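Undergrad: sequence and predicted structure below; questions after.
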There are 2 protein chains.
Amino acid sequence: MSAEVIAHPTITLLQTSSLVNVVHAELEQMILSGRLVPGEKLTELTIAAKLGISRGPLREAFRMLEEAGLVRITKNRGVFVRDIPVEEAVEIFDLRAAMDELVGRKLAENITPPQLKEIRGMVDSMEKAVKAKDTYHYHLLNLKFHDRLVVLAGNSKLAAIYRKLIKELSLFRRLNLEDGWLMPISASEHRQIVKAIASGDADAAGKAMFEHVMDSKERTIAHNLRRQQGTDTGAVMPAVAKDLWATALASPVKYIPNPEKS
Amino acid sequence: MSAEVIAHPTITLLQTSSLVNVVHAELEQMILSGRLVPGEKLTELTIAAKLGISRGPLREAFRMLEEAGLVRITKNRGVFVRDIPVEEAVEIFDLRAAMDELVGRKLAENITPPQLKEIRGMVDSMEKAVKAKDTYHYHLLNLKFHDRLVVLAGNSKLAAIYRKLIKELSLFRRLNLEDGWLMPISASEHRQIVKAIASGDADAAGKAMFEHVMDSKERTIAHNLRRQQGTDTGAVMPAVAKDLWATALASPVKYIPNPEKS
DNA sequence: TTTTTGTCGATTGTAGACAATTTTGACTTG
DNA sequence: CAAGTCAAAATTGTCTACAATCGACAAAAA
């Protein structure tokens, strides 16, 4: 009989993650947090030196980021942080809307009382943030709220793709962080979403989610256009807010392809 | 004044695709066509030698395939062709249903007469295949039909993810190819889908697409379970059918991140 | 001046070498 | 004969070296 396997975090980490995984995660964080901005050139030798590794594993990590849509690789020219154009952002929002509709339907059918209590708590927190005019925390909670809903929907494939889309979307001009004034608008919609889910009405919950995302799309795009025309106030993003995406998406739910059948 | 740029196929190919891209495409074809089966070990040195390249580019291609969900990489152990379990197949079908619902809605709103004529022609071809009991061509046309619909929907992000899902789904036991007897069932549903799209009724078209995918899910899963229990006739897949997925998904619509703003 | 051509430095693409780890298989031991 | 041991072989992880390509600047020509 063999001794029970106790998971030791450090050992497990060393066993499961190679340099490639670590570097991939590190670069993703740097991109999501905005330390690497869209359009920025990622020179292999520079980054490799900075991380204290060789170019091999770094290039492998780059390929993963490329496939995930976070960087763009051009032959003989190098790796660049992707810049998401408006058209693509719109596409992502539309796609998200369809996915969130499914999320709403599934939750309306399957959510448990404790889960319902949990998301109610999240909405409460958001309303508090609104009252305190705490933009940073409101957005953080908003991201976590939707992320949680997707996870609770019980479709891990859906959750994985949803997260990918959110990550890509964070590269859309990196302006969404600054839109403090449109914060309170969506707050009430969240209440309605939870209400629809709690009622068990799949159609209503799906519709509420769908509409919420579409509204969010309209606000974000409109804001972005205004921003580009230089007609807005140009609110400055607080330094701390730069970690928003990285924090909210600190992935505990990374999609696990399939466990070894050893 | 600068001379017009004439696209020279060979030169363009050399400029745009490196070994990594070529190897990635080649391996994907081998997986989709079934020449590499789920669970199979992909030894670096063996494949590198077979392709006449070094391990570096091959490893980069592996990372891309991993991110796309076609292979699984385990540290110090190697690369394996992924095996999609039933649960994941179900998740993919549910997700596809939501996406196809969006496709139906968009098409009902935006499709043009010539496009409508095109997809009607595809349905005609499918019905001919049904009458001729040509299973292979029916499935090929079916894949192309849905692929075309997704593309016509006009959301390239949606199309890209849809294709990824279809590719992953092709790794689900690799049995879907054999289900000849359920061929005629979905044929009539296609007519109904086109009809709903043509009517311009977004809700109806979305619902038709959604239901169609869900039906497809039920049939595929049920068939798979029967297969696993050894209760079915065990129809043998014709050799030519192995190229089905690879042929249908020969990607002319690969998602282009964003063009350089040079 | 303006345009073209040549050269150099920097960076990426690929290959090969070595280190670390796993797997294999013969051998022992109970 | 099953189970454990251990060294050799195979395989993967990482690094270094060299070749190929690009971008920029200088020199030459128009």
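TA: Here it is on my side, so go on.
Undergrad: could I get the average pLDDT for stretch A:186-193?
TA: Mean pLDDT, computed over stretch A:186-193, is 89.
Undergrad: can I get it in PDB, CA atoms only?
TA: Output of stretch A:186-193 as PDB, limited to C-alpha atoms (Å, rounded to 0.1, in the frame of the first residue of the first chain):
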ATOM      1  CA  SER A 186     -25.200  48.900 -15.000                       C
ATOM      2  CA  ALA A 187     -25.600  48.400 -11.200                       C
ATOM      3  CA  SER A 188     -29.400  48.100 -11.300                       C
ATOM      4  CA  GLU A 189     -29.200  45.700 -14.200                       C
ATOM      5  CA  HIS A 190     -27.300  43.300 -12.000                       C
ATOM      6  CA  ARG A 191     -30.100  43.200  -9.600                       C
ATOM      7  CA  GLN A 192     -32.500  42.400 -12.400                       C
ATOM      8  CA  ILE A 193     -30.300  39.600 -13.600                       C
END
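Undergrad: give me the contacts around it.
TA: A:104, A:123, A:126-127, A:130, A:138, A:142, A:145, A:205, A:208-209, A:211-212, A:215-216, A:219 (Cβ atoms under 8 Å, 6 or more residues apart in numbering or on different chains). C-betas here are computed from N, CA, C, even on glycine.
Undergrad: buried set for that stretch?
TA: A:Ser186, A:Ala187, A:Glu189, A:His190, A:Gln192, A:Ile193 (16 or more other Cβ atoms under 10 Å in any protein chain shown).
Undergrad: from these, which land in strands?
TA: Using DSSP state E, no member of the buried residues of stretch A:186-193 falls within strands.
Undergrad: what packs against the helix or strand that contains A:Asp147?
TA: Using DSSP states H and E, A:Asp147 maps to helix A:135-152. Other elements packing on helix A:135-152 under the criterion 3 or more Cβ pairs under 8 Å, 6 or more residues apart in numbering or on different chains; DSSP states H and E are helix A:86-110, helix A:113-131, helix A:156-169, helix A:183-199, helix A:244-248.
Undergrad: out of those helices, which comes closest to B:Ala98?
TA: The minimum distance between B:Ala98 and these falls on helix A:86-110, with 3.9 Å, by Cβ to Cβ.
Undergrad: relative to helix A:113-131, how tilted is the closest one?
TA: For helix A:86-110 against helix A:113-131, the angle by axes from the mean of the first three to the mean of the last three Cα atoms, to 10 degrees is 140 degrees.
Undergrad: tell me how far helix A:86-110 lies from the chain's centre.
TA: 13 Å (Cα atoms, centre = their mean, to the nearest Å).
Undergrad: in that helix, what counts as buried?
TA: A:88-108.
Undergrad: the spatially closest residue to A:Leu102 that is not a sequence neighbour: what's it in contact with?
TA: Nearest residue to A:Leu102 in three dimensions, chain neighbours excluded: B:Ala98, at 3.9 Å (Cβ to Cβ, 6 or more residues apart in numbering or on different chains). By Cβ under 8 Å, 6+ apart, the contact set of B:Ala98 is A:Ala98, A:Met99, A:Glu101, A:Leu102, B:Phe210.
Undergrad: quick one: which two of those are the most distant?
TA: A:Met99 and B:Phe210 (13.2 Å).
Undergrad: can you tell me how far A:Lys167 is from B:Gly52?
TA: 36 Å (Cβ to Cβ, to the nearest Å).
Undergrad: what about these two, which has more around it?
TA: A:Lys167 (19 against 7; other Cβ atoms under 10 Å in any protein chain shown).
Undergrad: that one reaches A:Ala246, doesn't it?
TA: No. Look at A:Lys167 against A:Ala246 with Cβ atoms under 8 Å: they stay out of range, at 9.7 Å.
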